[in-house]
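Novice: Fold the following and give me the result.
(chains A and B)
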Amino acid sequence: MSQVPQPTTESFLALELNSSDILPLFENANNWQERYRQIMLLGKTLPKLDEAYRVESAQVRGCESNAWLYHSAIEGKHYFIADSDARIVKGLIGLLLTACHGKTSAEIAGFDIEGYFDMLGLTGQLSPSRTNGLFALAKAIKAFAA
Amino acid sequence: MDFSQLRAQFPTLEQTLAGYPLCYLDTAATSQKPKQVIAAMTRYYETDNANVHRAAHQLSSRATSQYEAVRDSLTYFIHAKQREEIIFTHGTTESINMVAHGLTGQIKAGDLILIDTAAHHANIVPWQELAKRTGAIIKPIPLTEECRLDEAAFDALLLEKPAIVALSHVSNALGTLNPVSDLVARAKRAGALTLVDGAQAIAHLEVNVQALDCDFYVFSAHKMYGPTGVGVLYGRFDILDTLAPLITGGEMIKTVSFEATQFNLLPNRLEAGTPPIAEVIGLGAAIDFINALPRADIAKQEAELLHYLQTQLKQLGDITLYGANDNNIGAVAFNLADEHHQDVGILLDQQGIAVRCGHHCAMPLMQSLGIKGCCRASLGIYSSKEDIDRFIDALKSVKDMLL
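Specialist: Numbers count the residues shown, from 1 in each chain, chains lettered A, B, ... in the order given. Prediction:
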């Protein structure tokens, strides 16, 4: 096996994202400014990934900025640690994790990512033609949980 | 010239994005297309569609005449000596690949290839592959602090007698204008073959390949108001005639037998297969469109607009400009404070502003600038002062959000 470092179980479990707190901030946003402000604020609540983990093997492709994704399955649920050097991408990752972090395989498999971003007023951000990497990140999360 | 009439010829520009009028500042990636170009391609498909160079019937004869007429207008457009020096390709990238491949048999181990540090990847990677095939050595031509080609360093490198010198007429990432005619003359004195990537120059400058005296000059139609999928390889006849064809097959042969196949003469020898006929005809319409404009006035207007853009960006504050020299052409590269270029790009996009954010297919240049990437705003003949004002206002609101 390769020598890729993996964050500790504790650090996977430490991240808590409460969707009933987070999602209304987006659903109630009146304009794109508010929406993107909330994205960046959400990104700030995600812990910064240690330099040691910012390695190529954890990098998600298809992203103009750098984005790293780690996964751990703990007692039948999927936990993620992710980071990006761009603020909006990090916030968008936060939205993905809000829906997928601590969920079961069946829950993640049934998660309609496109509908989710549409509901949040972020239609189009998930397109494979975008260089924000969200499409690749979503695919990677689904693959981890498959 | 009535500017609003000129702008009205570009249908894509008349749209709003989530309530914001489109502000297209990404012409260096690809230009928008005027109605004339779209109409010429539609007309060809609706009335003349046939394969070329097999004029057994009237339709094919019409298609061939139109196709070959574009070669003639290109000959005149870039002042080539003869029409056989114009080869239709699929774009700048293919043109450079054709040269780098075609010269394989003429390059030997240890031969030196010099490349502009600011070059687009399309003017780097084909030479690296040529070096792999032949054992040639590649050296970058360094840049000065102003991001101009370092001429003293260039002269020093020329003492090593390079076999090939690959230059950019205008850098795609920064808009730097290189004194190519002078650089080519020096490279030739050192005995090198010269290729000039004109992709970012062709829409903005009048190009005279005989005056430049380069061996190869390459560009794409889609950056000069023409369609995607077609480009040009100009080569000085003597040297063009020595290139081994990258693509072989139909159209490029004189006779084929299983014992021995004979290639055709230029230009057909380098145009294997059915060419992008509608696109070539679209390119012809783009040339007609450009030729009908007062080019000197347009160039002056574009220079003023770029200067205005550079000045407004400087005045905004917290902006780093890269190599924003006075005589740049068509583009300005920048970053906002320490913010990621992608964040800036996404927030500009929310306001209908189309700019390019990334490494601009010039990673070695980004490395020499010590950055991962940057934003680039670029101009076309349809760009207006209002576009720039809207862009600056939008950037101001991005600054308010991020800083």
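
Novice: count of residues packed around residue B:45?
Specialist: 11 (other C-beta atoms under 10 Å in any protein chain shown). Heads up, the C-betas are built off the backbone N, CA and C, glycines and all.

Novice: So it sits against residue B:278, correct?
Specialist: Yes. Using C-beta atoms under 8 Å, residue B:45 is in contact with residue B:278, at 6.0 Å.

Novice: Grab the nearest non-local neighbour of residue A:66.
Specialist: Nearest residue to residue A:66 in three dimensions, chain neighbours excluded: residue A:85, at 4.8 Å (C-beta to C-beta, 6 or more residues apart in numbering or on different chains).

Novice: what about the one you found, distance to residue A:93?
Specialist: 12 Å (C-beta to C-beta, to the nearest Å).

Novice: neighbour-wise, which of those two wins?
Specialist: Shown here are residue A:85 and residue A:93; by other C-beta under 10 Å, residue A:93 has more neighbours (29 against 17).

Novice: helix, strand or coil for the more buried one?
Specialist: helix (DSSP: H, G, I helix; E, B strand; the rest coil).

Novice: By proximity to chain B, which residue of chain A wins?
Specialist: Residue of chain A nearest chain B, by C-beta to the nearest C-beta: residue A:86 (3.9 Å).

Novice: can you pull the contacts of that residue?
Specialist: Residues near residue A:86 by C-beta atoms under 8 Å, 6 or more residues apart in numbering or on different chains: A:64-66, A:132, B:340, B:342-343.

Novice: Serialize these to JSON lines and add fields for secondary structure, distance to residue B:80 and neighbour count.
Specialist: As requested, the contacts of residue A:86 are arranged in JSON lines below (DSSP: H, G, I helix; E, B strand; the rest coil; distance: C-beta to C-beta, whole Å; neighbours: other C-beta atoms under 10 Å in any protein chain shown):
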{"residue": "A:64", "secondary structure": "coil", "distance to residue B:80": "39", "neighbour count": "21"}
{"residue": "A:65", "secondary structure": "coil", "distance to residue B:80": "44", "neighbour count": "24"}
{"residue": "A:66", "secondary structure": "coil", "distance to residue B:80": "45", "neighbour count": "18"}
{"residue": "A:132", "secondary structure": "strand", "distance to residue B:80": "44", "neighbour count": "25"}
{"residue": "B:340", "secondary structure": "coil", "distance to residue B:80": "44", "neighbour count": "24"}
{"residue": "B:342", "secondary structure": "helix", "distance to residue B:80": "41", "neighbour count": "26"}
{"residue": "B:343", "secondary structure": "helix", "distance to residue B:80": "45", "neighbour count": "28"}
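
Novice: coming back round to it: does the residue nearest to residue A:66 touch residue A:64 like I think?
Specialist: No. If you go by C-beta under 8 Å, residue A:85 and residue A:64 don't touch, sitting 10.3 Å apart.

Novice: residue ranges for the helices of chain A, please.
Specialist: A:9-14, A:19-27, A:32-45, A:87-100, A:105-109, A:113-119, A:134-145 (DSSP state H).

Novice: most packed of the ones you listed?
Specialist: Of the helices of chain A, the one with the most neighbours on average (mean count of other C-beta atoms under 10 Å in any protein chain shown) is helix A:87-100, at a mean of 24.

Novice: Residue A:50: neighbouring residues, count only.
Specialist: Neighbour tally, residue A:50, other C-beta under 10 Å: 12.

Novice: Count the neighbours of the closest residue in space to it that isn't next to it in sequence for me.
Specialist: Leaving aside its sequence neighbours, residue A:50 sits nearest to residue A:7 (C-beta to C-beta, 6+ apart; 7.9 Å). Residue A:7: 19 surrounding residues under other C-beta under 10 Å.
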